[in-house]
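From the sequence below, what's the structure:
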Amino acid sequence: MSLRQIPLDPGGALLGRLFGRMLDEQSSQQATQEHHRAEVDAGLVGREVGPYLLLELIGSGGMGAVYRARHRTQKLDRDVALKLVRDRGAYLTVRERFLQERDILAQLHHPGIAQIYDAGETDDGILYFTMEYIDGVPITQYCKDYVDSVADRVRLLQRVVTALGSAHRNLVIHRDIKPSNVFVTRQGGEVKLLDFGIAKSLGGASDLTNEASPGPMTPLYAAPEQFHGRPLSVPTDIYQTGVLIFYVLTGNKPYRADPGSPIAWSRAVTEEEPLQLQQAFDMAARGGAKTGEPIWYTSAKVRAVRKQLRGDLNAIVRKALAKDPDQRYHSADALQTDLAAYLAGRPVVARHGGRLYRISRLLRRNLPATLIAAIASVVLTVVVTLGVTRVESERDLAVAAAKVATQEARRAELTRDFLLDLIARTDPTEPARGSVLSASDYLEWAARQVDSGLEGVPEARAQVRAAIAQSLEHLEGPARALPLHTKSVEELRRLDSPDARGVLPKLLATQATLLNSAGQTQEAEPVAREMLALTAGDPAWARDRISAMTALAHSLNKRGRSLESLQIRQQILVDRQALDSFDLADLAMDHQNIAVTEVALDRFADAERSYRQSLLMLERSVGAGNPRSVLPLNGLASTLTKLGRYEEAQAVAEQALSVAEASLAPGHFGIANALTQLGVATFNQGRYEEAQRLLAKAESVAGPDDPGKIRPYINLYRAELYLRWGRFLDAKKEAKLAASGMSKIRGPDSPMTLLARGMASYTAFKVAPKKNGESERILREVQSKLAQDSSSSAEEMVQLKPWLAEILESKGAKDEAKRVRIEALAMARRIYGDAHPLVQALREASQST
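Predicted coordinates for the structure are as follows:
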C-alpha cells in the first residue's frame, strides 16, 4: 500500500480475493480484522526498524503499515514514510507484492510520483522501505478546501495525468487510481501519485494474481475489464483516471448504482452508460452522492459550473470511461492533450468534430460568448434539421426514390455550406460602423444574407431564418424575433409545396409560443389551432402537437378561458405519456401548467396536488435542488397561502428562495418571486415590518426594467399589507400602481387588474370615508365585470364584496351590506372550505351585522 500520512484505504484493496468473490457476508469479519490490525500496528510506534525510529502510525492496510519515521544516525532534517510488512501469516504472498512495489518505485523518477529513498530487511525478516513523506491531503479534499473553479481543477488533474504518463513510459500501470492515492501538498499544491502496491510492470512477468477473479482493486474506481478478469493495460489506468476526474469535477460517482452492492455496481460499470457530468453534479449538489463527501463549489458559482460541465469536458470524461478499452484514450499523454485543448478552447479529440465543430472552437476563442451562443444555435439547429432529420425521416418512411433522396441531401449540403461560409467570411470585430457587433446585430445581418444566399432553396431559407429568429428571441426577447419568424411562416404558407408543408407545422407551433411570449395571446390562438388542424391524425407530429397545444392552453388561460385551458392541458398529459419515450421533467412541467390553470379556476386543493406531483417528478428526474423546481415551489407557496396555511407557505417559499439564490443569476424573476411569496406568507402571519422588508427586497431584485413583470404583483401585495397595517395612504398609492401595471401586462379587464382597481377604490374610501360614492361605483363596476366570468374570478369577488359591504354600511344600507357579506361567505366556503381564516372572519362579520 501507499506511504502517506493518513489511514490507508480500509477496503484493503490489496486483499486480492475480497471483491473478487463478492461475498457481502465477509464485510463484517473483515472490518473486525482491519480494526485488530490497526491496533497492532499502532503498538509499534516508538520502536526501531533498522536504523529508523517509528514516530507515528500514519496508515494501515492489507499489505503493510506506514509510519512517519526518522533516521537515528544520519543528520537529515526530514521525516520519511516507512512501510513494512507485518502480516506473518501471508508473508510469502505479501512479500512478493512488497518487493514489487519497492522495485517499481525505484524505477520511477518524476516530481509527481512519491520517491523511494531506502530499502532493507530487519534481523527477524521484516521488509521495509522508506520514501518521500507527503504533507498533504487527497486531491478531493484539496479541491474542496482550495480550488473553486472548473478550470483550476482541470489544471490540477492535468498534473495527475502527466505523472501517470511518466509511469506508463516506464512500462508501469498503476491499477488503483483513486483520490486517496493522489495527494496534493498543502504547501505549494504539488501533486503526488502514491500507492504502487498493486501496480503491474508491463515489461516483466505476468500478473501476480492468476485466479479467475477481478484481482486486487478498488471497486468504485475499477474498470470493466477488472470485473471481467481480463488482461489489464494502460486503458485501465485511463478509465480509473476518468472516474477520478468525474468525481473531482462533480463530487459524485459516474453511475446511479450503489457501490455497497457489489453485483449492482459491477453490472453498472460493465453494462450501463455513465451519467452526464452535469447530471451527476446536480445529484451531488443536492446531497445525492452516496459515496464519499460531495465536493462543493461556492453557491455563487453553481450555475456557472453546471454550464462548464457540458460539451467538451463531458466528452473527454466519457471517452475515458468507454466500456471498450480500445475506445478510450490510448495513452495518458493523449488524455493530457485533450485536457489542454479544453483549457485553451481548441477542438478536442473526444468530440470527433468536423469542419463545423472546428469553426465553433475558433469562434469561441475569438468572439464574445453571447455571439457564439447565437451562432451555434442557428448553425446546429439548421444543419441537424436539414442534414439529418429530413434524411432520417425519408429513410424511416422508405417511400422516397433514390433520386429524390439525392436531391434532398444536395439541398442540405448547399444549406450547410452556406452557413459555414457565412461564418467564415464574416469578421464581427470590423463592422462597417467601426464598432464591435452585438450578437443580435450579427444575427440580423445574417438573416439579410439568408434572403439572397438561399434564394434557390426557399424551404431551407425559411428554416434558417426561423432558427435565427429563435436565437434572437433568447437574446433580446420576442419583439425583435417575431417579425423575422413571421416572415418565414408566411413564406411557407405561400409556397404550399410538399417540402413547405413538411416544415410549416413546426414553425407554427413555435410562432404561437413566440406570440404568447410577446403578450399577443389572442393572436397566438388561431396560429396554434392552424398547426393542430394541419397535423390532425398524424402520429409523426405528436411531439410538435404537444407544443402547439401548450401554446393554445396558455393563450386561453391568459384570456380568462381557464376551463378550456384546463381541458387541453389534461389532454397534453395523456398525449405525452402515449409517446414512445418522454422526459419525466416535461411531464413535471405539464403538471405545473395544470396547477396554474387550477389556481385560475380557484381550485386550490387540486392545484396543491398538481404542484406537489410536479415537484416529485422533478426530484426524480433532475433533482430537488434543480433550478427548474423554483417555479413550482413558488406556485405551491402561493397556493398554500391562498389555502390559509401560512406557516407551510413560508417554509416552501424559503425553500424556493434557497434553491433560486443558489442556482439562478442575480436579478432572476425566480428570486424576486420567492421573496414576494415569502413576504405574503409573512404578513398573513401578522409580521408586517418583516414582510415590508421582504417585498422591498423583491422589488430591488426585479430591478427597474422588471423583465419578469412581477412589480405590479408586488404593488398589489404591498397594498394589501398596508391596508391590514392601517397605512391607508400608502395602500392607496400601491393599489393604483398595481392597477396600472396589471392593465399593461394582463389587460384592463383581467381579474387581477379589476381586483387592483377595486382595492384602489376601497383604500380611497378608507382615506376619505365621506367620499364613498365614487368608491361604491367603481366596486360595483369591477364586480359586474368579474361576474361575466364566474369560473375564474371567485377569489377576487370574495375579496371585493366585503369592501363593498363596508361602504354600503357607512351609507346606512345595512340590509344590502349584510346580503353582500353572506354572498361573500358562501363563495369563500365553496373555494376555501370552512376551516380557512378568511371564511371564519366573514362568518363573524356576517353574524355581527
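
Count the residues that sit near I831.
For I831, the count of nearby residues is 21 (other C-beta atoms under 10 Å). (Each C-beta comes from the backbone N, C-alpha and C, glycine too.)

So it is in contact with A794, correct?
Yes - with contact defined as C-beta atoms under 8 Å, I831 counts as touching A794 (5.5 Å).

Look up the residues that both of those two are in contact with.
D602 (C-beta atoms under 8 Å, 6 or more residues apart in numbering).

give me the low-pLDDT residue ranges for the stretch 301-450 of the chain?
Scanning the stretch 301-450 of the chain for pLDDT under 70 picks out the ranges 301-302, 352-440, 442-443, 446.

Pop the domain breakdown of the protein in here.
The record's domain parsing of the chain by automatic domain parsing lists 17-132, 137-352, 353-495, 751-848.

mean pLDDT lowest for which of those?
With a mean of 59, domain 353-495 has the lowest mean pLDDT of the domains of the chain.

which element is the nearest residue to K736 once chain neighbours are set aside on?
Residue nearest to K736 in three dimensions, not counting chain neighbours: A760, with 4.9 Å by C-beta to C-beta, 6 or more residues apart in numbering. Assigned by DSSP states H and E, A760 falls within helix 751-767.

Counting neighbours, which bits of that helix end up buried?
For helix 751-767, the neighbour count (16 or more other C-beta atoms under 10 Å) marks 751-766 as buried.

Please report the distance of the residue nearest to K736 from W803.
11 Å (C-beta to C-beta, to the nearest Å).

Parallel or antiparallel, which strands does whichever strand in the chain runs longest pair with?
Counting residues, the longest strand in the chain under DSSP state E turns out to be strand 52-60. Strand 52-60 has its sheet partners listed here by DSSP bridges as strand 48-49 (antiparallel), strand 65-71 (antiparallel).

could you dump the ones you listed to a markdown table with mean neighbour count and distance to S658?
Converted to a markdown table, these look like this (neighbours: other C-beta atoms under 10 Å; distance: least, C-beta to C-beta, whole Å):
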| stretch | mean neighbour count | distance to S658 |
| --- | --- | --- |
| strand 48-49 | 16 | 54 |
| strand 65-71 | 24 | 43 |
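
Could you dump those strands into a markdown table with distance to M589 added?
Shown next, in a markdown table, are the strands paired with strand 52-60 (distance: least, C-beta to C-beta, whole Å):
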| stretch | distance to M589 |
| --- | --- |
| strand 48-49 | 66 |
| strand 65-71 | 54 |
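
Between those strands, which one is closest to E720.
strand 65-71 (68.1 Å; C-beta to C-beta).

okay, the helix holding A760 in PDB with CA atoms only?
Provided in PDB are the C-alpha atoms of helix 751-767 (Å, rounded to 0.1, in the frame of the first residue of the first chain):
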ATOM      1  CA  PRO A 751     -59.400  39.600 -12.800                       C
ATOM      2  CA  MET A 752     -56.200  40.800 -11.300                       C
ATOM      3  CA  THR A 753     -56.500  44.200 -12.900                       C
ATOM      4  CA  LEU A 754     -60.100  44.500 -11.700                       C
ATOM      5  CA  LEU A 755     -59.100  43.400  -8.200                       C
ATOM      6  CA  ALA A 756     -56.300  46.100  -8.100                       C
ATOM      7  CA  ARG A 757     -58.900  48.800  -9.300                       C
ATOM      8  CA  GLY A 758     -61.300  47.600  -6.600                       C
ATOM      9  CA  MET A 759     -58.600  47.800  -3.900                       C
ATOM     10  CA  ALA A 760     -57.600  51.300  -5.100                       C
ATOM     11  CA  SER A 761     -61.200  52.500  -4.700                       C
ATOM     12  CA  TYR A 762     -61.600  50.800  -1.300                       C
ATOM     13  CA  THR A 763     -58.300  52.400   0.000                       C
ATOM     14  CA  ALA A 764     -59.600  55.800  -1.300                       C
ATOM     15  CA  PHE A 765     -62.700  55.200   0.900                       C
ATOM     16  CA  LYS A 766     -60.500  54.400   3.900                       C
ATOM     17  CA  VAL A 767     -58.600  57.600   3.400                       C
END
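
Can you name the element that comes right after it?
Going down the chain from helix 751-767, the next helix or strand is helix 772-787, by DSSP H and E.

any idea of the angle that following helix forms with helix 751-767?
On the basis of axes from the mean of the first three to the mean of the last three C-alpha atoms, to 10 degrees, helix 772-787 is oriented at 160 degrees to helix 751-767.

just how off-centre is helix 772-787 within its chain?
Centroid separation between helix 772-787 and its chain, computed with C-alpha atoms, centre = their mean, to the nearest Å, is 48 Å.

Same check on stretch 226-234?
What separates the centre of stretch 226-234 from the centre of its chain is 35 Å, taken as C-alpha atoms, centre = their mean.

okay, how far is it across it, tip to tip?
Separation of the first and last residues of stretch 226-234 by C-alpha to C-alpha, to the nearest Å is 12 Å.

Give the buried residues for that stretch.
By 16+ other C-beta under 10 Å, the buried positions in stretch 226-234 come out as Q226, F227, L232, S233, V234.

Next: stretch 506-523.
For stretch 506-523, the neighbour count (16+ other C-beta under 10 Å) marks 506-521 as buried.

Now do the contacts for the residue nearest to K736.
By C-beta under 8 Å, 6+ apart, the residues touching A760 are A719, K732, A735, K736, A738, A739, I778.

Can you list which of the residues you listed are found in helices?
Among the contacts of A760, the ones falling in helices (DSSP state H) are A719, K732, A735, K736, A738, A739, I778.

The second one: how many residues sit nearby?
By that I understand K732. Neighbour count of K732, defined by other C-beta under 10 Å: 23.

That one touches S761, doesn't it?
No - assessed by C-beta under 8 Å, K732 is found out of contact with S761, at 9.3 Å.

Go through stretch 682-702 and flag the buried ones.
By neighbour count with 16+ other C-beta under 10 Å, stretch 682-702 contains the buried residues 682-684, 688, 691-692, 694-695, 697-699, 701-702.

Closest to A548 out of the residues you listed?
Among these, and counting by C-beta to C-beta, the member closest to A548 is A702, at 31.3 Å.

check contacts around that closest one.
By C-beta under 8 Å, 6+ apart, the residues touching A702 are G667, F669, A672, G708, I710, R711, I714.

Please produce a ChimeraX select command covering the buried subset of these.
ChimeraX command restricting the contacts of A702 to the buried ones, with burial defined by 16+ other C-beta under 10 Å:
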select :669,672,708,710,711,714
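
Check the contacts of A702 against L55 and report the nearest one.
Of all the contacts of A702, the one with the least separation from L55 (C-beta to C-beta) is G667, at 56.4 Å.

Look up phi and psi at that closest one.
phi 90, psi 0 (degrees, to the nearest 10).
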